[in-house]
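# following is a predicted model, sequence given first.
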Amino acid sequence: MWQVPSFSENGWYTDLLEGDSKWLDAFPAPALRTLIPHVDSYRFLASLTENEMKKCNEMALMENIDLVKGNYPLTPDTMKLPIIGDFDRTKCTMSPSALAVRGFMTPKQQTAMAELKRIWNVGRPYLKCQCVTEGKGDCGKNISWLDHVLWYLLSDLHYLFPEAPSLRARARAFRVRAKTTWRAAILASVVFTHMRDVMVKMAYNVAIDPSRTAANTLDDLAIMLHKFPRTMAKLILPTRYVRAKEKRRVEAASSSATKTIRKPQQTILEFCVPPARGDVTAPAQENPLQLETATPPSSTSRPRMTPRLPF
């Protein structure tokens, strides 16, 4: 039912970007942090049709992150989404959860890693409390990603259906809810999965070949004709972060030349040493760094003071 990729297949992106997995997807259970639900899993849970799967793929490519409205209202009372605070103490317990989708956020002038974190979850459905909507004030609790919640609930179906007589009955009840009141949430998860696949392929291609540009981030040029791949390519490869090799080489050479010019150079000081007059030996000087006043043999002008050497 679940496609479980190995860490060697998906851990490369963590090592590529930051070296650890603190900000990447972390499932509630430590042993499940590298497990990612596949589109076929969502298709099985909600019995999605072939047309629905095709529509989800088209929505992902067209950057359409609107929730698919079906036969059931998307209100918290109708959907009966779980209160995350009941099984996660860091979340809100004061109001029911509502479904929403993370959209594109306004870019800021910050580091490349910070910008990538902002776009990595575009299109991802999440659950949030209704404290502000219900006039209870801001509880200060964070959101919860829907795929994390679904993954946890599948491992503990007793939370949703405590009165079910068996595990088979609880699993059947979960699928009924996924097919009906949670169908829009499942479809939104499928859309995000397709969007995430595009992002991962782009990052993988750039990691192998850093010379790629926004025009050829993906090998399939037909996919690059759609809105979302073009937008994501520009966000993943902004000009202020990724530069051509030739431009970096020219800038490096220019920087090296600038450092060479600024480096202190040795200088030559012009001075003359007075020759000994007759058999008189020049008296020994107490300070060898000081030179006496002397007149060059070729000069008939007044004697001049020779400069003192600083070393």
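Everything's here; your move. As the structure is a prediction and not an experimental result, all values here were calculated from the model. Residues are numbered from 1 along each chain as shown.
# show me what contacts residue 139?
With contact set as Cβ atoms under 8 Å, 6 or more residues apart in numbering, residue 139 has these partners: 92, 94-95, 129, 131. For the C-beta atoms, the positions are set from N, CA and C on the backbone; glycine is no exception.
# repeat for residue 179
Residues near residue 179 by Cβ under 8 Å, 6+ apart: 46-47.
# hmm, back to that, now the contacts of residue 139 as JSON lines including neighbour count and distance to residue 59?
Output for the contacts of residue 139, formatted as JSON lines (neighbours: other Cβ atoms under 10 Å; distance: Cβ to Cβ, whole Å):
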{"residue": "92", "neighbour count": "23", "distance to residue 59": "29"}
{"residue": "94", "neighbour count": "14", "distance to residue 59": "33"}
{"residue": "95", "neighbour count": "19", "distance to residue 59": "29"}
{"residue": "129", "neighbour count": "26", "distance to residue 59": "27"}
{"residue": "131", "neighbour count": "16", "distance to residue 59": "30"}
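# so who does the residue nearest to residue 141 when sequence neighbours are not counted touch?
By the measure of Cβ to Cβ, 6 or more residues apart in numbering, the closest residue to residue 141 outside its immediate chain neighbours is residue 92, 4.0 Å from it. Under the criterion of Cβ under 8 Å, 6+ apart, the contact partners of residue 92 comprise 83-85, 129, 131, 139, 141.
# and the longest helix belonging to the chain, what does it pack against?
In the chain, ranked by residue count with DSSP state H as the criterion, the top helix is helix 183-208. The helices and strands touching helix 183-208, judged by 3 or more Cβ pairs under 8 Å, 6 or more residues apart in numbering; DSSP states H and E, are helix 7-17, helix 39-46, helix 50-61, strand 97-101, strand 125-129, helix 146-155, helix 227-236.
# which positions in that helix come out as buried?
For helix 183-208, a neighbour-count test (16 or more other Cβ atoms under 10 Å) marks 183-196, 198-199, 201-203, 206 as buried.
# show the pLDDT at the spatially closest residue to residue 137 that is not a sequence neighbour.
When the adjacent residues along the chain are set aside, residue 137 lies closest to residue 131, with 6.3 Å between them (Cβ to Cβ, 6+ apart). What the model reports for residue 131 is a pLDDT of 91.
# do the same with the one 3 residues further on
The confidence metric pLDDT takes the value 87 at residue 134.
# the one 5 residues further on too?
The per-residue pLDDT reported for residue 139 equals 89.
# what about it, distance to residue 84?
12 Å (Cβ to Cβ, to the nearest Å).
# please apply the same query to residue 130.
If you go by Cβ to Cβ, the gap between residue 130 and residue 84 works out to 12 Å.
# so for these two, which residue has more residues nearby?
Neighbours of residue 130 and residue 84, each counted by other Cβ atoms under 10 Å, are more numerous for residue 84; the result is 23 against 16.
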